[in-house]
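Engineer: Got a sequence here, can you model it:
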Amino acid sequence: MLRNMCLIYGFIYLAHLIFANAMLDPIDFLALQSIKKSLNDLPGSNYFASWDFTSDPCNFAGVYCSGDRVIALNLGDPRAGSPGLTGRLDPAIGKLSSLAELTIVPGRVFGPLPHTLSQLKYLRFFAISRNFISGQIPASLGQLRGLQTLDLSFNLISGSIPFAVGTLPALSNVILCHNRLSGSVPPFASRVLTRLDLKHNDLSGSLPPLGLPPSLQYLSLSWNRLSGAVERPLSRLNRLNYVDLSMNRFTGCIPGNLFSFPISNLQLQRNQFSGPVQPVDQVTIPTVDLSFNRLSGEISPLLSTVQNLYLNNNRFSGQVPVSFVDRLLSASIQILYLQHNYLTGIEINPTVDIPLSTSLCLQYNCMVLPVQTPCPLKAGKQKTRPTSQCIQWKG
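Structural biologist: Next comes the predicted model:
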């Protein structure tokens, strides 16, 4: 009798397991088990508390199903301040063949990206940011032809950006900033790419002349070792609204039509740009930073409509246009940094009061300062450039 009861209860338990998991494909079920074994909650995180494989995995935290397949996997507690997960991403991830979205919240997930990711043919959104992922970006990711967002930012990824990734036709967001990537920027074939963020890496070489699509709106390449001219790569990107190429080694002229694009913030400082700055129309970009370059010639009055303008530490010469003075005194300009150039004058009454909301710095130029204004500490203590330098520059 007791033996029969045990058999009955055993059958009921087995039936319960079968019923609980009947909604999920067995391959997906086993893949989730492997993923769970390779990851753990960091202290303070309870993400995996709901992952009880005696119940329906489609009810697990971060698991989303359609029919009997997993279509989205968001690993880790997405709430702000959650400690995240630790461990590795198991190669079994490639068995979730219907997966369209894969994310891992910030934490301490380490190791390389599994090459089996290339098996996720339906993957659209892939984001593992602010972890400790290392190794290289698998070139096989180029097989994910439907991928729209690739975010591997703030990790320890090294090597080059695979050329195959640049060929993905549906990419709209590529965010690979704050890694250890080297090599050149590959051409991007996607006609819908809107965001390209590669800042804080070790990329070098020149930008591909036709490798940045006109669809781009956000471009950040700062803090790399990129070089060469930017006129051809940038001149046709007339949808840009944010540009940061600072802290590189770019050379040549700044394309004049760049100032006519709908940009809200233009950061080109600390490069080796040279020649005159010649906007084609009145500049409406709120913030423009061209400091610490080798720009020369007279300052264009078309720049006087910029609210925050940094032209310091260049080789500008001649008089400051009167239009700048008018906007300074009306408090339309908030920051105007012209220090460390070869400017010869500015028509401003020495007795005039500069608005308190305006920051103006004119020191270390080839003129006697008509007004005394506070300058950044990095501008130094010398008020005027030595006469010998001014005569030499004029010659």
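
Engineer: so who does L360 touch?
Structural biologist: Shown in contact with L360 (CB atoms under 8 Å, 6 or more residues apart in numbering): L328, L336, L338, I354, V371, T373. Using the backbone N, CA and C atoms, a C-beta is placed for each residue, glycine as well.

Engineer: mind listing which of these are in helices?
Structural biologist: Among the contacts of L360, the members falling in helices (DSSP state H) are L328.

Engineer: In strands, which of the contacts of L360 appear?
Structural biologist: L336 (DSSP state E).

Engineer: I'd like to know which of the contacts of L360 is nearest to I348.
Structural biologist: Checking these against I348 with CB to CB, the nearest one is V371 at 6.1 Å.

Engineer: was I right about that closest one contacting V352?
Structural biologist: Yes. Contact criterion CB atoms under 8 Å: V371 and V352 qualify, at 7.0 Å.

Engineer: Neighbour count for these two, which is higher?
Structural biologist: V371 (15 against 12; other CB atoms under 10 Å).

Engineer: Could you report the separation of that one from L329?
Structural biologist: Note on V371: its distance to L329, by CB to CB, to the nearest Å, is 11 Å.

Engineer: okay, which residue is most central for the chain?
Structural biologist: Centroid-nearest residue in the chain: D197, 2.9 Å away (criterion: CA atoms, centre = their mean).

Engineer: Return the residues in contact with that residue.
Structural biologist: By CB under 8 Å, 6+ apart, the neighbours of D197 are S153, V174, I175, L176, C177, Y218, S220.

Engineer: ok, 6 Å please
Structural biologist: The contact partners of D197, by CB atoms under 6 Å, 6 or more residues apart in numbering, come to I175, C177, S220.

Engineer: What separation do you get for the second one and N155?
Structural biologist: Distance, C177 to N155, using CB to CB: 10 Å.

Engineer: Separate out the buried members of the contacts of L360.
Structural biologist: Neighbour-count burial (16 or more other CB atoms under 10 Å) applied to the contacts of L360 gives L328, L336, L338, I354.

Engineer: so what's S82 up against?
Structural biologist: S82 neighbours (CB under 6 Å, 6+ apart): S45.

Engineer: meant to ask about R124, not that
Structural biologist: Counting by CB under 6 Å, 6+ apart, R124 has contacts A100, G146, Q148.

Engineer: And G380, by the same measure?
Structural biologist: Counting by CB under 6 Å, 6+ apart, G380 touches no other residue.

Engineer: let's see 8 Å
Structural biologist: Q363, Y364.

Engineer: any residues in contact with both of V371 and L329?
Structural biologist: Common neighbours of V371 and L329 (CB under 8 Å, 6+ apart) are V352, I354.

Engineer: Could I get the contacts of L360 in TSV, plus columns for pLDDT and distance to P57?
Structural biologist: TSV is the format used below for the contacts of L360 (pLDDT from 0 to 100; distance: CB to CB, whole Å):
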residue	pLDDT	distance to P57
L328	94	65
L336	97	61
L338	98	64
I354	90	66
V371	91	71
T373	91	66
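
Engineer: and the two most separated of the contacts of L360?
Structural biologist: L338 and I354 (13.4 Å).

Engineer: which secondary element of the chain has the worst mean pLDDT?
Structural biologist: Within the chain, confidence by mean pLDDT, DSSP states H and E is lowest for helix 2-20 among all helices and strands, at a mean of 45.

Engineer: after it, next one along is what?
Structural biologist: Heading C-terminal from helix 2-20, the first helix or strand you meet, by DSSP states H and E, is helix 26-38.

Engineer: tally of neighbours for the closest residue to K95 other than its chain neighbours?
Structural biologist: Using CB to CB, 6 or more residues apart in numbering and skipping residues adjacent in sequence, the residue nearest K95 is A31, 3.9 Å away. Using other CB under 10 Å, A31 is surrounded by 24 other residues.

Engineer: I'd say A31 and L96 touch.
Structural biologist: Yes. At 5.3 Å, A31 and L96 qualify as touching, with contact defined as CB under 8 Å.

Engineer: Could you name every residue contacting both of the two?
Structural biologist: V70.

Engineer: and the contacts of L360 as TSV, adding distance to D41?
Structural biologist: As requested, those are arranged in TSV below (distance: CB to CB, whole Å):
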residue	distance to D41
L328	57
L336	52
L338	55
I354	57
V371	61
T373	55
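
Engineer: which sections of the protein are below the confidence cut-off?
Structural biologist: Low-confidence segments of the chain (pLDDT under 70): 1-22, 392-395.

Engineer: returning to that earlier point: return the closest of the contacts of R124 with respect to R79.
Structural biologist: Using CB to CB, the contacts of R124 come closest to R79 at A100, 22.9 Å.

Engineer: measure that closest one to S190 for me?
Structural biologist: According to CB to CB, A100 and S190 sit 18 Å apart.

Engineer: That's all I had, so thanks and see you.
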